[in-house]
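Enquirer: build me a model:
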Amino acid sequence: MRPMQLSDLDKRAGRERAVAWALAITLNTTLAPKQYEKQLLERFIAGQLSLDEVISCLQEQQEE
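Expert: Residues are numbered from 1 along each chain as shown. Sure, this is the predicted structure:
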């Protein structure tokens with residue numbers, strides 16, 4: 001299996017792979033995503049949000 005490239009995030013399969021990897025390494029840790037964060041990740045996988053938009057949403061939530 002080849003290493004993931006940023007261009008892989010242009011396709012749904014690549015976004016799913018990236019999110020699955022992130023969820024796997026945070027499983028059972030304090031870094032595991034909360035419900036709102038999971039919703040953002042689902043929207044990212046679906047292509048509704050870019051990674052920059054996900055980060056922006058998370059930053060806005062922290063400011064509230």
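Enquirer: for the protein, which spans come out with low pLDDT?
Expert: 1-6, 8 (pLDDT under 70).
Enquirer: for it, just list every one of the helices.
Expert: 12-26, 35-45, 51-63 (DSSP state H).
Enquirer: in the longest one, what's buried?
Expert: Along helix 12-26, the positions that meet the burial threshold by neighbour count (16 or more other Cβ atoms under 10 Å) are 14-15, 17-19. For every residue, glycine as well, the C-beta is placed using N, CA and C.
Enquirer: from these, which is closest to Pro33?
Expert: The closest of the buried residues of helix 12-26 to Pro33 turns out to be Val19 (Cβ to Cβ; 9.4 Å).
Enquirer: excluding chain neighbours, what is closest to the residue nearest the centre of the chain?
Expert: Nearest to the geometric centre of the chain sits Leu41, at 4.2 Å (Cα atoms, centre = their mean). With Cβ to Cβ, 6 or more residues apart in numbering as the criterion, Leu41 has its nearest non-adjacent residue at 5.1 Å, and that residue is Val19.
Enquirer: which residues touch the residue nearest to the centre of the chain?
Expert: 19, 22-23, 33, 54 (Cβ atoms under 8 Å, 6 or more residues apart in numbering).
Enquirer: list just the nearest of those residues to Leu9.
Expert: Out of the contacts of Leu41, the member with the shortest distance to Leu9 (by Cβ to Cβ) is Val19, at 10.0 Å.
Enquirer: test my guess that the closest one contacts Leu49.
Expert: No. The criterion here is Cβ atoms under 8 Å, and Val19 misses it with Leu49 at 11.8 Å.
Enquirer: picking that back up, what distance do you get for the residue nearest to Leu41 to Glu60?
Expert: 20 Å (Cβ to Cβ, to the nearest Å).
Enquirer: thinking again about what came up before, pick the one among the buried residues of helix 12-26 closest to Glu37.
Expert: Val19 (10.7 Å).
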